[in-house]
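1. here is a sequence with its predicted model. Questions after.
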2 protein chains.
Amino acid sequence: MPILSLDAIDMRILSALQWNGRLSNVDLAVEVGLSPSPCLRRVRLLEEGGYISGYRAMLGRESLGLGLTVFVGIKVERHDDESASALENKIDSMPEVVACHLVSGESDYLLEVVVPDLVSYERFLRNTLLKLPMVRDITSNFAIHRVKSESPLPLTHLVKSAGA
Amino acid sequence: MPILSLDAIDMRILSALQWNGRLSNVDLAVEVGLSPSPCLRRVRLLEEGGYISGYRAMLGRESLGLGLTVFVGIKVERHDDESASALENKIDSMPEVVACHLVSGESDYLLEVVVPDLVSYERFLRNTLLKLPMVRDITSNFAIHRVKSESPLPLTHLVKSAGA
DNA sequence: ATCTAAAGTGGCAGATAATTCCAATTTCAT
DNA sequence: ATGAAATTGGAATTATCTGCCACTTTAGAT
């Protein structure tokens, strides 16, 4: 909804905060070449404009005993709006599902599920996912090794020549 | 590597910071029922122990002109360690790839790619992904609608009965 | 039950950062 | 060029961070 009117300094602010969300405003100001006052004002505007949607501490999955990530494909029976909304609301409320997209291709929905181990996953699959209505088929692809995840977004496409 | 020795207060700290990574230490202390000093000490220990791996500002993809998310499946020719490391290093260095896992099932690698639009994706696919060595096949599944993403991790499995 | 040692907590104080206000500067359109 | 609007920088105030130290709680041994 907000129209892009970000200059090079805004981009540097977004990039810096995307890599270190707890950067103090003074340090951020130095990094982007501004004094603290206008820097803070820009950050607030970026927050209010929806360019920054929030801040998160990233947790160590393995350290916290969340050793298993599963990518789950779901095919549904029908695609009418009511069924879809109902399904999506239920999925949205499942804490084990850290991401879910309606996608093209083999499956209708693609989910990323995070659980402690296989036993937990089986329980989640049987008690929760397979109990969903309108589900025709479920495919589980287990993550064997994480190359990268929760990575910052690419902003290079806006760096040169301010986007429209 | 770190052994779990987190009590209920640590869990509340992790949960609170996972939802709001910029919570001030004073507010965090109130929320978890501690005074600021021990609260800050716990946060530092959680950071040093790898339970908190960093902080990120979450950016609005659509607001920033990153309207297209694609889930890409890659099948590789061979699975020896050298080839895999080389491939993974290259993938890791691609800013458009915000996540990548070695997975079981149809594909060997599953990638989440974020780009402005179809034109950008085509360019990325032709100029970057298809230029990777050892790639046998690539499948692109386009995200049509985002139900949820970048969601906090489920910590309920540790809430009651402190984990070992 | 008591004692002891270790760990954890709370409050204080100096240093640092956030936030507001306003004058000065820059930007932009005319 | 000229004026209006937006943006900036600095000072002052307020809030927060952070290290230090004494006190309390906890756990284990006797």
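-> Looks like it came in fine. Quantities reported herein were computed from a predicted structural model and do not represent experimental measurements.
2. next one: phi and psi at the residue of chain A positioned farthest from its centre?
-> Counting by C-alpha atoms, centre = their mean, the extreme residue of chain A relative to its mean C-alpha position is residue A:35, 31.5 Å from that point. Reported as degrees, to the nearest 10, the phi and psi values for residue A:35 are phi -90, psi 160.
3. tell me who's in contact with it.
-> Each residue near residue A:35 by C-beta atoms under 8 Å, 6 or more residues apart in numbering or on different chains is listed here: residue A:29. To be clear about C-beta, it is placed using only N, CA and C from the backbone, and glycine gets the same treatment.
4. show the contacting residues for the closest residue to residue A:77 other than its chain neighbours.
-> Spatially, and ignoring its direct neighbours in sequence, residue A:77 is nearest to residue A:134 (4.6 Å; C-beta to C-beta, 6 or more residues apart in numbering or on different chains). Neighbour list for residue A:134: A:76, A:77, A:78, A:83, A:86, A:87 [criterion: C-beta under 8 Å, 6+ apart].
5. now rank those by neighbours and give me the top one.
-> With neighbours defined as other C-beta atoms under 10 Å in any protein chain shown, the most crowded of these is residue A:87; it has 21 neighbours.
6. partner residues bridging residue A:113?
-> The bridge-partner assignment for residue A:113, based on DSSP bridges, gives residue A:70, residue A:97.
7. against residue B:104, how distant is it?
-> Distance of residue A:113 to residue B:104, given as C-beta to C-beta, to the nearest Å: 14 Å.
8. neighbour count winner among the two?
-> Comparing residue A:113 with residue B:104 by neighbour count (other C-beta under 10 Å), the higher total belongs to residue A:113, at 25 against 14.
9. who's in contact with the more buried one?
-> For residue A:113, the set of contacting residues under the criterion of C-beta under 8 Å, 6+ apart consists of A:69, A:70, A:71, A:72, A:96, A:97, A:98, A:121, A:124.
10. look up how far chain B lies from the third one.
-> In this structure, residue A:71 lies at 6 Å from chain B, with C-beta to the nearest C-beta, to the nearest Å as the measure.
11. contact partners for that residue?
-> Contacts for residue A:71 were tallied using C-beta under 8 Å, 6+ apart; they are A:110, A:111, A:112, A:113, A:140, A:141, A:142, A:143, B:101, B:103, B:110.
12. please name the nearest non-neighbouring residue to it.
-> Per C-beta to C-beta, 6+ apart, closest to residue A:71 is residue A:141, 4.4 Å.
13. give me the contact list for the helix or strand harbouring that neighbour.
-> Under the criterion DSSP states H and E, the helix or strand holding residue A:141 is strand A:135-148. For strand A:135-148, contacts defined as C-beta under 8 Å, 6+ apart pick out A:68-77, A:87, A:106-107, A:121, A:125, A:129-130, B:88, B:91-92, B:97-107, B:109-110.
14. and chain A, what are its domain boundaries?
-> Partitioning chain A according to automatic domain parsing yields domains covering residues A:8-57, A:68-142.
15. just the endpoints, please. Distance across the longest one?
-> End-to-end distance for domain A:68-142: 8 Å, by C-alpha to C-alpha, to the nearest Å.
16. enumerate the residues of chain A near DNA strand D.
-> Remark: the part of chain A in contact with DNA strand D comprises A:9, A:34, A:35, A:36, A:37, A:38, A:41, A:42, using C-beta under 7 Å from any atom of the strand.
17. can I have the buried ones of the residues you listed as a ChimeraX selection?
-> This is how ChimeraX selects the buried members of those, with burial counted by 16 or more other C-beta atoms under 10 Å in any protein chain shown:
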select /A:34,42
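18. redo the residues of chain A next to DNA strand D as a markdown table? Include secondary structure and pLDDT.
-> Conversion of the residues of chain A next to DNA strand D to a markdown table gives the following (DSSP: H, G, I helix; E, B strand; the rest coil; pLDDT from 0 to 100):
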| residue | secondary structure | pLDDT |
| --- | --- | --- |
| A:9 | helix | 93 |
| A:34 | coil | 93 |
| A:35 | coil | 92 |
| A:36 | helix | 93 |
| A:37 | helix | 92 |
| A:38 | helix | 94 |
| A:41 | helix | 95 |
| A:42 | helix | 95 |
